[in-house]
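K.L.:
Quick one, structure for this:
(one chain, ligands or ions: 1)
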Amino acid sequence: MKDLGVAVVTGASRGIGRAIALALGQKGYVIAGTATSAAGASAISEYLAEQGIAGGGFCLNVCDSANIPSFLSEVSASFSTPAVLVNNAGITDDNLFLRMRTEQWDQVIETNLSSLYHMTKACLKPMIKARHGRVVNVGSVVGLTGNPGQANYSASKAGIVAFSKSLAIEYAKKNININCVSPGFIKTEMTDKINEEFKNNLINKIPSGTLGTGEDVSNCVAFLASEMSNYINGETIHVNGGMYMS
Ligand code: NAP
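P.N.:
All right, here's what the predicted structure looks like:
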């Protein structure tokens with residue numbers, strides 16, 4: 001298999017990030033997947049090894065910006081500098097706006113949006129030097145539609161889109177493409193915690209009447225990381241089974 005270089009995938013311990021790490025690994029990338037705990041990092045190394053994928057798991061809290069340079073030094077020393085960065089790590093912490101605590105706002109913005117500032121800045125430098133790079137940011141359908149109880153989360157995901165477009169313009173001449181994938185309602189631990197009644201109402205809004213899978217999202221990320229998407233830049237591809245239309 002062709003060695004495509006290193007792909008950093010944040011939040012690769014489970015859910016969509018795990019599917020992305022597997023999809024990119026199967027295409028021939030060396031995977032540097034992150035989790036917030038040592039146990040999560042080991043679990044990443046294990047599932048990559050089980051699938052015969054080169055790479056490993058690393059412990060990184062994307063909110064600890066001071067640790068990002070040492071994480072990248074470790075990745076570069078173990079493998080090489082990243083050719084692909086997938087900013088996937090994300091959290092929800094929902095509340096109706098007037099009940100939302102400042103910590104809920106800050107934590108979600110910090111994890112879902114500010115982390116992209118730090119991670120992308122650190123990874124862009126070697127990409128510029130290599131005159132090649134791909135950044136794929138994981139947004140959400142609610143970044144476009146808004147969602148009651150998710151002012152923090154929706155704002156963070158809308159911010160990702162404008163952030164990606166701005167960088168796409170700045171770095172296009174360096175052969176670096178920066179795009180977003182915006183999932184709809186995907187079956188992961190994040191959506192498992194939604195109460196059944198609310199979940200059923202959401203499913204009724206999806207034309208197919210089904211939840212998406214991690215693989216539905218990871219296929220799209222793999223496309224945007226590949227040479228097949230060379231002329232796509234600053235775009236957002238929606239993976240929501242048509243949910244946005246209804
Ligand atoms: P998930 O199952 O809850 O997994 C979240 C991942 O993010 C885990 O790997 C977690 O690591 C990591 N993470 C959380 N906080 C982190 C931090 N501070 N630093 C580093 N890593 C952190 O979520 P998911 O459903 O797969 O979601 C993945 C992405 O897709 C998120 O950006 C989410 O907003 C987006 N998305 C999901 C859906 C959906 O329906 N599921 C829809 C639209 C968008 P640990 O295991 O170490 O905690």
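
K.L.:
any idea which strand is longest in the chain?
P.N.:
For the chain, the longest strand by residue count, based on DSSP state E, is strand 176-183.

K.L.:
Give me the buried positions along the helix or strand hosting Glu215.
P.N.:
Assessed by DSSP states H and E, Glu215 sits inside helix 214-225. Within helix 214-225, the residues that count as buried by 16 or more other Cβ atoms under 10 Å are Gly214, Asp216, Val217, Ser218, Cys220, Val221, Ala222, Phe223, Leu224, Ala225. Heads up, the C-betas are built off the backbone N, CA and C, glycines and all.

K.L.:
Format those residues as a markdown table; extra columns: distance to Leu124.
P.N.:
Formatted as a markdown table, these follow (distance: Cβ to Cβ, whole Å):
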| residue | distance to Leu124 |
| --- | --- |
| Gly214 | 27 |
| Asp216 | 28 |
| Val217 | 23 |
| Ser218 | 23 |
| Cys220 | 22 |
| Val221 | 18 |
| Ala222 | 21 |
| Phe223 | 21 |
| Leu224 | 16 |
| Ala225 | 15 |
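
K.L.:
Out of the residues you listed, which is nearest to Ser78?
P.N.:
Nearest to Ser78 out of the buried residues of helix 214-225 is Ala225 (Cβ to Cβ; 19.9 Å).

K.L.:
The longest strand of the chain versus helix 214-225: what angle between them?
P.N.:
Taking axes from the mean of the first three to the mean of the last three Cα atoms, to 10 degrees, strand 176-183 and helix 214-225 form an angle of 160 degrees between their directions.

K.L.:
Strand 176-183 pairs with which strands?
P.N.:
Here strand 176-183 has these sheet partners by DSSP bridges: strand 133-138 (parallel), strand 236-239 (parallel).

K.L.:
After the first one, which helix or strand is next? Please name it.
P.N.:
Spelled out, that is strand 133-138. Using DSSP H and E, the helix or strand that follows strand 133-138 towards the C-terminus is helix 142-145.

K.L.:
list the buried ones in that following helix?
P.N.:
Within helix 142-145, the residues that count as buried by 16+ other Cβ under 10 Å are Val142, Gly143, Leu144.

K.L.:
The last one: what's it in contact with?
P.N.:
This points to Leu144. Applying Cβ atoms under 8 Å, 6 or more residues apart in numbering, we find Leu144 in contact with Ala158, Val161, Ser182, Tyr244.

K.L.:
okay, the second one: pLDDT?
P.N.:
With respect to pLDDT, Val161 has a value of 98.

K.L.:
burial measure for Ile203, as a count.
P.N.:
When neighbours are counted by other Cβ atoms under 10 Å, Ile203 registers 15.

K.L.:
Surely it touches Phe185?
P.N.:
Yes: using Cβ atoms under 8 Å, Ile203 is in contact with Phe185, at 7.2 Å.
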